[in-house]
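A.B. asks: below is the sequence, then the predicted model.
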Amino acid sequence: MQALKPATKPSKQRKRLYQAPDHIRYKLMAAPLSPELKASHGVRSLPVRSGDTVRVMRGDHKGFEGKITRVDRKNYRIYVEGLTREKVDGTTIFASIHPSKVMITKLNLDDKWRKKVLERKRSERLKREKIVEKPPKKVLEVKEEVAEEKLVKEKPKRRKKAPVKKPRAKKAKKETEKEKEKKPKKRKRTTKKRTTRKTKSKGGT
């Protein structure tokens, strides 16, 4: 089955809601569980079914509690036992409520498939909690201290230029005193001054 992209236009959202297939309508008819059921089953919400006991949380009938007699998936409404209203002509009919306005206080677990759904949801939630485990407090404290130190010490870093390596000069061997005595002393060459000869001019006038 191809995954649908979430629609942003309200018109498209309404169209998908009204044209949704039955297996998606079933999920849209979900209601939250009471705190007692959450603790016992480890599940936050479930699709409502006939036979579930629900309490109305919002609207004119707030606080009313009773069993679900009928679930209308076509109009996304449920009907609770004892919750009625009078028509203009005086006849009484069941008042319809949206499942998001109620809270499930007692589950109908006659169906074995529903028990399996609860078990699967619980196991999935436990797996998620194991994956997203919080680190111990000591580690968090150490990280905070390191972060504070960094804030104090941090300054705009300048890139250091790589030092240019100069060729190493060959170390001259140190001559011992004996070797110096053996070697004959070199005489310093002196430059001779050039003497210029004065030439006599022949035959004067």
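C.D. replies: Received, thanks.

A.B. asks: just the strands from the protein, written as ranges.
C.D. replies: With DSSP state E applied, the chain shows strands at 30-32, 45-47, 53-56, 65-72, 77-86, 92-97, 102-106, listed in chain order.

A.B. asks: okay, buried residues for the fourth one please.
C.D. replies: Along strand 65-72, these residues count as buried under the neighbour rule (16 or more other CB atoms under 10 Å): 65-66, 68, 71. Backbone N, C-alpha and C define where each C-beta goes, glycine included.

A.B. asks: which one of those residues is nearest residue 88?
C.D. replies: Distance to residue 88 across those (CB to CB) is lowest for residue 66, with 24.7 Å.

A.B. asks: report pLDDT for the residue lying closest to residue 94 once chain neighbours are set aside.
C.D. replies: Leaving aside its chain neighbours, residue 94 sits nearest to residue 79 (4.3 Å; criterion: CB to CB, 6 or more residues apart in numbering). In this model, residue 79 is scored at 97, pLDDT.

A.B. asks: distance check, residue 79 against residue 7.
C.D. replies: According to CB to CB, to the nearest Å, residue 79 stands 30 Å off from residue 7.

A.B. asks: the more surrounded of the two?
C.D. replies: Per other CB atoms under 10 Å, whichever of residue 79 and residue 7 has more neighbours is residue 79, with 18 against 12.

A.B. asks: report the contact partners of that one.
C.D. replies: 68-72, 94-97 (CB atoms under 8 Å, 6 or more residues apart in numbering).

A.B. asks: partner residues bridging it?
C.D. replies: Note on residue 79: beta-bridge partners by DSSP bridges are residue 70, residue 96.

A.B. asks: hmm, back to that, what would the strands of the chain look like in JSON lines with distance to residue 18?
C.D. replies: Putting those into JSON lines (distance: least, CB to CB, whole Å) gives the following:
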{"stretch": "strand 30-32", "distance to residue 18": "18"}
{"stretch": "strand 45-47", "distance to residue 18": "19"}
{"stretch": "strand 53-56", "distance to residue 18": "25"}
{"stretch": "strand 65-72", "distance to residue 18": "14"}
{"stretch": "strand 77-86", "distance to residue 18": "14"}
{"stretch": "strand 92-97", "distance to residue 18": "17"}
{"stretch": "strand 102-106", "distance to residue 18": "22"}
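
A.B. asks: out of the ones you listed, the one nearest residue 23 is which?
C.D. replies: Per CB to CB, nearest to residue 23 of these: strand 45-47, 10.7 Å.

A.B. asks: so which other helices or strands are in contact with the closest one?
C.D. replies: strand 30-32 (3 or more CB pairs under 8 Å, 6 or more residues apart in numbering; DSSP states H and E).

A.B. asks: how much space between the closest residue to residue 109 other than its chain neighbours and residue 13?
C.D. replies: Of all residues not flanking residue 109 in the chain, residue 115 sits nearest, at 5.8 Å (CB to CB, 6+ apart). To residue 13, residue 115 is 33 Å away according to CB to CB.

A.B. asks: what does residue 60 give?
C.D. replies: For residue 60, the distance to residue 13 equals 27 Å [CB to CB].
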